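Asks: After the sequence you'll find the predicted model.
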Amino acid sequence: VSVWESLGKPARCRLVELGPGKGTLMADLLRSTHIPASPTFSAFHEALGEGGVHLVEISPTFRKLQADALQSFSGDGLSLNWY
């Protein structure tokens, strides 16, 4: 979030994680910044809605674990993408 702010809070932000393991770090980040009462975090989530969340993972097993960990965020207008 601080890097996004230092870039001037662009309206579109792509969040990319390389080797996301079980998806817990991304889930924690999305959960901790999903605070509707915070204008900054709300704007950050809107920017992610435009740019999406991108996970680079080659293991089908880990992709499944990540999808399970992040499934609750797909209904928030966030695009979850795997590569």
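Replies: Now that the structure is in, tell me what you want to look at.
Asks: what comes up buried for the longest helix along the chain?
Replies: What stands out as the longest helix in the chain, according to DSSP state H, is helix 39-51. Within helix 39-51, the residues that count as buried by 16 or more other CB atoms under 10 Å are 43-45, 47-49, 51. C-betas here are computed from N, CA, C, even on glycine.
Asks: okay if I get these as TSV plus pLDDT and distance to A27?
Replies: Listed next are those as TSV, based on pLDDT from 0 to 100; distance: CB to CB, whole Å:
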residue	pLDDT	distance to A27
A43	93	21
F44	94	16
H45	89	14
A47	94	18
L48	93	14
G49	90	17
G51	94	18
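Asks: closest to A11 among these?
Replies: Checking the buried residues of helix 39-51 against A11 by CB to CB gives A47 as the nearest, at 5.9 Å.
Asks: For the closest one, which non-adjacent residue is closest in space?
Replies: C13 (3.8 Å; CB to CB, 6 or more residues apart in numbering).
Asks: where does the protein dip in pLDDT?
Replies: Across the chain, nothing is flagged by pLDDT under 70.
Asks: which stretches of it form helices?
Replies: Along the chain, the stretches classed as helices by DSSP H are 2-6, 24-32, 39-51, 60-70.
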